[in-house]
Structures are given as C-alpha cells and as structure tokens.
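Novice: build me a model from this:
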Amino acid sequence: MSAIADLDPRKDMSLIRERLSLQLTRGEDVAPLLADLAIRNPIALADLVVGPRAQHDTGLVRGALTVIEPLEQALAPNGLYRRLVALSKETQMEVLQTAARRHPTGSWLIELSRKVEGQDAGITHLSAVAGHPSFTAACWSHAKAGHLPGLIAVAHATGLPEPAAALAVHGHLDACAIALVRTLERTPESPVVSMIAAAWGPDPSPILMKAIGHLRSRKVALALQTQTRGYAQYTSLLKSVIQAMVHE
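Specialist: Predicted coordinates:
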C-alpha cells in the first residue's frame, strides 16, 4: 500500500504533496507513491513531479523515471525531460540516458545533450542509438551543433564510420581526421574512408593528410593504407610513414 492510498488526488493534493515531501526528507523510496498516483490520476502525477511546485530532489527524479511512461502520456517528452534535468543535477545523466533510449530520433536531444554533458555532448545519445536507423541523422545533427569531442569519442568506442563522415560533411576537418584514426583503432576494417569520401567529396586528401599526424600504431597505419589505395600520392607518403614506424 502506498503512502497516499487513503487520499483522493482530485481533493487531497496538498496532503499528497506533504506526504511526498516527508518521504523525500526521510530518504524513502517514493516510487510506490508515484505508481499509485500514475494509475489513479496521471495529470495529478505530472503536476506533482514536474509542475511549478515540484521539489528539486534526486529521489523525486529517480522515482519519476520509474513512471516515465504515464508521465509521457500526460506531457510532451521535450518539456518533460528538460524539467527533470532541471530538478536534480545528480540525476541529469540518468534522465538523458532514459530520454535517448526512449526517443532516439528526438531533435531536442541535441540541446539536452549539451546541457547535461557540456563539452562531451553527444556521447550518451549516440551511444544509445548506435546500430539504430537514426544513428546517421543523429551524427549529422551533433556535428552541425559542433559537438566534436563527443563524436570523436563515439567513433573510438563504436568503430562506426558515421561520426567521422558527419564531421567531414560539416567542415570539421581536424576533428574528422582524429575520428578517422580513432575509428580504425577500434575497427580496422570499418569503411570509414569511403564514407568520408561519400560525404566530403571524391578526393578527401585534405582530411587524409591531417590523419597522418594522429596515427599512433603501425597496425592502424596499415589499415589506413589498405583503404586509401586509390589515392596514389597519399599512399606513397603513407608508405614512407609506415616504414618509419616502430610501434605496432
């Protein structure tokens, strides 16, 4: 039985707020209270959790995530997740992870990512949608927003070519070169060069030249050489670099 089983959400909201506040003060789990309210009155639940009088409390936000489906039925996801992020700094990442998992194509995730992750914006969203049909579009959106470190980190973590291609098409050539190398470090056979060429243009030599300075192993350099055989001048230069490398 929840702490508000004897109360009517339509008449006793002030008492419900008091009991919720008491539970939060005691550090008790408020999920049963919120689940009860979600069944009986989702609108009252939304007002209690994210309305103007909602408490800024970690326990409340974590409880809200357990009833996120009825909350989404009562409120637009964009506003809901923004509000949850604002209610507790400690749970911002949990909120972003939930939002990215449930709404992988949400354009509002770009701004929410920046608010929560700062310089690393994009990592949580892109990690959640890697392998999803929306991954390419999400990479493009984060690249357009200038979330370079996040895209590079995801390239390294997944070995997928889309982050580097997105950086290329939006003119972030230095970041693209780094992402190219990081992609090959993770997955040497990833078709990253061909995808960059498709996004940037038939001759991505400016990017390939920048990538040389970021090579950290002979193995990755050889993988890059395999993918750039169609660029004779570059391949010749890369061959000389590989011959000078001593680390695998």
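Novice: state the distance from residue 80 to residue 69.
Specialist: Distance, residue 80 to residue 69, using Cβ to Cβ, to the nearest Å: 11 Å. Any C-beta I mention is one placed from the backbone N, CA and C, and that applies to glycine too.
Novice: name the residue in those two with the higher neighbour count.
Specialist: Higher neighbour count among residue 80 and residue 69: residue 80, with 20 against 10, using other Cβ atoms under 10 Å.
Novice: give the burial count for residue 143, as a bare number.
Specialist: 28.
Novice: can you give me the pLDDT of it?
Specialist: The model reports residue 143 with a pLDDT of 98.
Novice: dump the residue contacts of the closest residue in space to it that isn't next to it in sequence.
Specialist: Leaving out its chain neighbours, the residue that sits closest to residue 143 by Cβ to Cβ, 6 or more residues apart in numbering is residue 166, at 3.8 Å. Counting by Cβ atoms under 8 Å, 6 or more residues apart in numbering, residue 166 makes contact with 136, 139-140, 142-143, 151, 199.
Novice: can you put those in CSV and add distance to residue 104?
Specialist: Formatted as CSV, the contacts of residue 166 follow (distance: Cβ to Cβ, whole Å):
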residue, distance to residue 104
136, 12
139, 12
140, 14
142, 13
143, 17
151, 16
199, 21
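Novice: which among those end up buried?
Specialist: 136, 139-140, 142-143, 151, 199 (16 or more other Cβ atoms under 10 Å).
Novice: tell me, how many residues neighbour residue 62?
Specialist: Residue 62 has 18 neighbouring residues, counting by other Cβ under 10 Å.
Novice: what distance do you get for it to residue 45?
Specialist: Residue 62 sits 15 Å away from residue 45 when distances are taken as Cβ to Cβ.
Novice: residue 212 and residue 229, how far apart?
Specialist: Counting by Cβ to Cβ, the gap from residue 212 to residue 229 is 16 Å.
Novice: so what's residue 125 up against?
Specialist: Contact analysis of residue 125 by Cβ under 8 Å, 6+ apart lists 96, 100, 104, 109-110, 113, 138, 142.
Novice: what's the domain layout of the chain?
Specialist: The chain breaks down into these domains under automatic domain parsing: 10-103, 132-248.
Novice: ok, residue 86 - contacts?
Specialist: Going by Cβ under 8 Å, 6+ apart, residue 86 touches residue 56.
Novice: need the next SSE after the helix or strand residue 184 falls within, C-terminal direction.
Specialist: For residue 184, the host element (DSSP states H and E) is helix 173-186. Where DSSP H and E defines the elements, the next helix or strand beyond helix 173-186 is helix 192-200.
Novice: show me where this structure dips below the pLDDT cut-off.
Specialist: For the chain, the stretches flagged by pLDDT under 70 are 1, 246-248.
Novice: how close does the residue positioned nearest the centre of the chain sit to residue 152?
Specialist: Centroid check for the chain by Cα atoms, centre = their mean gives residue 125 as the closest residue, at 1.8 Å. Per Cβ to Cβ, residue 125 is found 15 Å from residue 152.
Novice: try residue 30
Specialist: 39 Å.
Novice: before we move on, the earlier item: name the residue in residue 212 and residue 229 with the higher neighbour count.
Specialist: Counted by other Cβ under 10 Å, residue 212 and residue 229 do not tie: residue 212 has more neighbours, with 15 against 10.
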